[in-house]
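>>> sequence unavailable; structure follows:
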Ligand SMILES: Nc1ncnc2c1ncn2[C@@H]1O[C@H](COP(=O)(O)OP(=O)(O)O)[C@@H](O)[C@H]1O
Ligand SMILES: [Mg+2]
């Protein structure tokens with residue numbers, strides 16, 4: 001059997017704050033298989049972002065074991081962690097963090113330029129990704145010339161620029177209206193199906209959580225519930241239609 005993409009075993013994370021130890025993750029056991037799509041829900045402060053940051057190698061756990069793509073993260077020096085992150089992970093946050101001076105296309109090309117990849121190749125891929133997220137007519141726009149939903153689509157395309165195995169999203173629709181949120185949700189499904197990207201979405205959005213095949217509920221730094229269900233029917237009913245529909249196929253990775 002294939003190895004899971006992420007395996008957390010008794011993961012604990014604490015912060016030192018004002019001279020006190022704050023235990024945020026208190027023994028998380030979680031396995032995420034390659035190609036899975038799941039959401040992490042739970043009250044504010046439950047530890048969702050902290051867990052996502054640890055899985056994404058942006059932060060390190062205090063104890064326990066956390067494996068990503070076969071590598072024990074707790075054993076890797078920061079240089080190797082950064083390599084693994086660049087090779088394996090794409091991030092989408094609540095606020096898009098696009099560079100305001102650059103066009104949509106340039107924003108999507110940027111992670112690859114930083115990695116020293118050839119510009120031509122990167123531009124072709126960025127163009128395809130932007131078309132895929134429904135922004136064919138917006139590639140030359142700067143973030144200030146795009147709507148909130150369009151900005152988040154650019155952020156999504158940028159997250160996919162290096163063909164990540166794992167896409168981590170923290171409240172990706174937290175800042176959008178419900179119709180726009182729904183279109184972004186559909187894009188996540190589309191990406192999961194088309195690229196087989198494993199996707200983990202932290203969300204407060206009940207409609208998004210309800211549409212996911214797996215929902216993990218955190219409570220006080222522990223997994224309270226881990227539910228799976230068949231959502232094939234929902235996905236069929238909710239496939240995007242019309243002008244906003246993502247176009248084309250792209251071979252990233
Ligand atoms: N760098 C940090 N230093 C101190 N406390 C932190 C830090 N990051 C998060 N926390 C605390 O950890 C708890 C969980 O935070 P977080 O993972 O962001 O929760 P959630 O995303 O579920 O709302 C909160 O009480 C928060 O204040
Ligand atoms: Mg959070």
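Alright, I've got the coordinates. No experiment lies behind these values; they were computed from the predicted model shown. Numbering: from 1, shown residues only. Ligands and ions are numbered 1, 2, ... in the order given.
>>> need the contact list for residue 67.
4, 6-8, 73 (C-beta atoms under 8 Å, 6 or more residues apart in numbering). (Glycine included, C-beta is placed from N, CA and C.)
>>> okay if I get those as JSON lines plus pLDDT and distance to ligand 1?
JSON lines is the format used below for the contacts of residue 67 (pLDDT from 0 to 100; distance: C-beta to the nearest ligand atom, whole Å):
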{"residue": "4", "pLDDT": "94", "distance to ligand 1": "22"}
{"residue": "6", "pLDDT": "98", "distance to ligand 1": "17"}
{"residue": "7", "pLDDT": "98", "distance to ligand 1": "20"}
{"residue": "8", "pLDDT": "98", "distance to ligand 1": "14"}
{"residue": "73", "pLDDT": "96", "distance to ligand 1": "17"}
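>>> now, which of the residues you listed sits nearest residue 185?
Nearest to residue 185 among these is residue 6, at 21.6 Å by C-beta to C-beta.
>>> contact partners for the nearest residue to that closest one once chain neighbours are set aside?
Spatial nearest neighbour of residue 6, excluding adjacent residues (C-beta to C-beta, 6 or more residues apart in numbering): residue 32 at 4.0 Å. Listed by C-beta under 8 Å, 6+ apart, the contact set of residue 32 reads 4-7, 38, 198, 200.
>>> and if you look at residue 21?
Counting by C-beta under 8 Å, 6+ apart, residue 21 has contacts 14-15.
>>> now the one 4 residues further on
Each residue near residue 25 by C-beta under 8 Å, 6+ apart is listed here: 11-14, 47, 50-51, 54, 61-62, 221.
>>> what about 10 Å?
For residue 25, the contacting residues are 8, 10-14, 46-47, 50-51, 54, 61-64, 218, 220-223, by C-beta atoms under 10 Å, 6 or more residues apart in numbering.
>>> show the pLDDT at it.
Residue 25 is assigned a pLDDT of 98 by the prediction.
>>> let me see the confidence value for residue 109.
At residue 109, pLDDT is 97.
>>> next, count neighbours for it.
Applying other C-beta atoms under 10 Å, we find 23 residues neighbouring residue 109.
>>> I figured it hits residue 117, correct?
Yes: using C-beta atoms under 10 Å, residue 109 is in contact with residue 117, at 9.1 Å.
>>> hey, what's in contact with both of those two?
Jointly contacting residue 109 and residue 117 under the rule C-beta under 10 Å, 6+ apart are 125, 161.
>>> identify the residues contacting the helix or strand hosting residue 226?
Using DSSP states H and E, residue 226 sits in strand 222-228. Defining contact as C-beta under 10 Å, 6+ apart, one finds that strand 222-228 is touched by 8, 25-31, 36, 38, 40-42, 46-47, 51, 209, 212-219.
>>> please redo it, this time with the cut-off set to 6 Å
By C-beta atoms under 6 Å, 6 or more residues apart in numbering, the residues outside strand 222-228 that reach it are 26, 28, 214-217.
>>> ditto for stretch 99-114
By C-beta under 6 Å, 6+ apart, the list of residues contacting stretch 99-114 from outside reads 98, 122-123, 126, 129-130, 138-143, 154, 157-158, 161-162.
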